[in-house]
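1. Sequence plus the predicted model coming up.
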Amino acid sequence: IFFSFRELRCLRHKIHIGLFSTVCLADISWISTAFVQSLIQRDDNLHAINVWCISQVILRYFHLTTFFWMFLEGLYLLLQIQLPLSLAVFNHLHCLNEKKISRGRQGTQGI
């Protein structure tokens, strides 16, 4: 769905795609690791143990990248919410200061 519509190709959706893909890949690697582990329990094969070690590394990698994408989701939301609010406060303070300055100028013009 994200790839078919041009309107959905924004940064927020790219972050969602990254997060969902790492979650899916972590789940797939968890299933494959469990399968290899069940093979090891049946017979002690050195090749199966090596594959299990590699699958553990892949599983850990996708698990950690999931947290990275969650961090990016949170950072993106923080910037989307905090930045406009901080600019609104800045604009209000800027306008208040301009009004005080203009009032001061009007008072000195009459003197």
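-> Structure received.
2. which residues does Ile28 contact?
-> By C-beta atoms under 8 Å, 6 or more residues apart in numbering, no residues touch Ile28. In short, each C-beta sits where N, CA and C put it, glycine included.
3. Please identify the buried residues of the helix or strand encompassing it?
-> Element membership of Ile28, judged by DSSP states H and E, is helix 11-42. Counting neighbours by 16 or more other C-beta atoms under 10 Å, one finds that the buried residues in helix 11-42 are 15-16, 18-19, 22-23, 25-26, 29, 33, 36.
4. Repeat that for stretch 47-62.
-> Quick answer for stretch 47-62 (16+ other C-beta under 10 Å): 48, 51-52, 55, 58-59, 62.
5. of those residues, closest to Phe68?
-> Phe62 (10.4 Å; C-beta to C-beta).
6. Give me the distance between the closest one and Ile81.
-> Distance, Phe62 to Ile81, by C-beta to C-beta, to the nearest Å: 29 Å.
7. and what of Phe71?
-> Distance from Phe71 to Ile81, by C-beta to C-beta: 16 Å.
8. same question, Tyr61
-> 31 Å.
9. Please read off the pLDDT at Pro84 from the model.
-> Listed pLDDT for Pro84 reads 69.
10. Then Glu98?
-> 56.
11. ok, now the one 5 residues further on?
-> Each residue has a pLDDT score; the one for Arg103 is 57.
12. coming back round to it: export the buried residues of helix 11-42 as JSON lines, with columns for pLDDT.
-> Listed next are the buried residues of helix 11-42 as JSON lines, based on pLDDT from 0 to 100:
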{"residue": "Ile15", "pLDDT": "88"}
{"residue": "His16", "pLDDT": "87"}
{"residue": "Gly18", "pLDDT": "91"}
{"residue": "Leu19", "pLDDT": "92"}
{"residue": "Thr22", "pLDDT": "95"}
{"residue": "Val23", "pLDDT": "94"}
{"residue": "Leu25", "pLDDT": "94"}
{"residue": "Ala26", "pLDDT": "94"}
{"residue": "Ser29", "pLDDT": "94"}
{"residue": "Thr33", "pLDDT": "90"}
{"residue": "Val36", "pLDDT": "87"}
